[in-house]
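Enquirer: I need the structure of the sequence given here:
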Amino acid sequence: MTAPVKLQRYTALPHSRQKLIDLYTDVRAELLHLPNYRVDVFAERLDRHAAEPGWQSVIAYAGDDPVGYVYANTIEPDDRWWARMTTPVPTLYTAAPAVAVKEIGVTTQWRGKGVARHIHDELLATRSEPYATLMVNPAAGEGRVQRLYEGWGYTVIGEVQPSPESPVLACMARPVRDAAR
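Expert: Below you'll find the model as predicted:
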């Protein structure tokens, strides 16, 4: 069951940038000492992603307090997202633009209450792309994060290392509409 939160969709970064950075800082607190997780690196990545086509975010609020976030944008078949894959991408996922879920996170006290799934599904609810994709560290949460995404209908379609500082990630994909619920 979904926790009692209200959701706000944003299509322009100026209205949500600081909230996203603050949420990221809280959600990723234990990782901020790692080069790829530093707040300034996230802020740069957020600015770059928000300038790309189809950017949207959804923030969950408990009262006035932001407790979770997700953001995504459209990626084209020739996007660097696919080009960095270590194995060929199945053409099923690159035949048309896809939605790339770039970040999702929920504050510690709101984890396990359905907030992540709720904001994820809200984000995808209005997307026109046929497929959604995301990247996950298979070691995150001792594999629990990847299993969570598998429960949402995602399957691993390859591996990618987005930057030299990044671990090797699993690239996952699913249909936007017909995934397991």
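
Enquirer: need the helices for the protein, in chain order.
Expert: Under the criterion DSSP state H, the chain carries helices at the ranges 17-27, 39-50, 80-83, 91-94, 115-125, 144-151.

Enquirer: roughly how far out does the second one sit from the chain middle?
Expert: Helix 39-50 sits 13 Å away from the centroid of its parent chain (Cα atoms, centre = their mean, to the nearest Å).

Enquirer: Specify the angle between that helix and helix 17-27 in degrees.
Expert: Counting by axes from the mean of the first three to the mean of the last three Cα atoms, to 10 degrees, helix 39-50 lies at 130 degrees to helix 17-27.

Enquirer: Other residues contacting helix 39-50?
Expert: 13, 17, 20-21, 24-25, 28, 32, 35, 55, 71, 73, 102-103 (Cβ atoms under 8 Å, 6 or more residues apart in numbering). Any C-beta I mention is one placed from the backbone N, CA and C, and that applies to glycine too.

Enquirer: Mind doing that once more with 10 Å?
Expert: Helix 39-50 has contacts (Cβ atoms under 10 Å, 6 or more residues apart in numbering) with 10-14, 16-18, 20-22, 24-25, 28, 32, 34-36, 38, 55-57, 71-73, 100, 102-103, 162-163, 165.

Enquirer: Ok, the fourth one next?
Expert: Among residues not part of helix 91-94, those counted as contacts by Cβ under 10 Å, 6+ apart are 75-79, 81-82, 85, 88, 130-133, 157-158, 171, 173-175.

Enquirer: Apply 7 Å and report the result again.
Expert: Defining contact as Cβ atoms under 7 Å, 6 or more residues apart in numbering, one finds that helix 91-94 is touched by P77, W82, Y131, T133, I157, A173.

Enquirer: can I get the CA coordinates of it in PDB?
Expert: Only the C-alpha atoms of helix 91-94 are listed here, as PDB (Å, rounded to 0.1, in the frame of the first residue of the first chain):
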ATOM      1  CA  THR A  91      16.900  -3.200 -30.900                       C
ATOM      2  CA  LEU A  92      13.500  -3.500 -29.200                       C
ATOM      3  CA  TYR A  93      14.600  -0.800 -26.800                       C
ATOM      4  CA  THR A  94      16.300   1.500 -29.400                       C
END
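
Enquirer: Could I get the buried residue list for that helix?
Expert: Neighbour-count burial for helix 91-94, counted by 16 or more other Cβ atoms under 10 Å, picks out Y93, T94.

Enquirer: How far does it sit from its chain's centre?
Expert: 19 Å.

Enquirer: Could you list the low-confidence segments of the protein?
Expert: Scanning the chain for pLDDT under 70 picks out 1-3, 178-181.

Enquirer: Contacts only, for the nearest residue to V5 once chain neighbours are set aside.
Expert: Counting by Cβ to Cβ, 6 or more residues apart in numbering, V5 lies nearest to A60, which is 4.3 Å off, once chain neighbours are set aside. Residues near A60 by Cβ under 7 Å, 6+ apart: V5, L7, V67, G68, V115, H118, I119.
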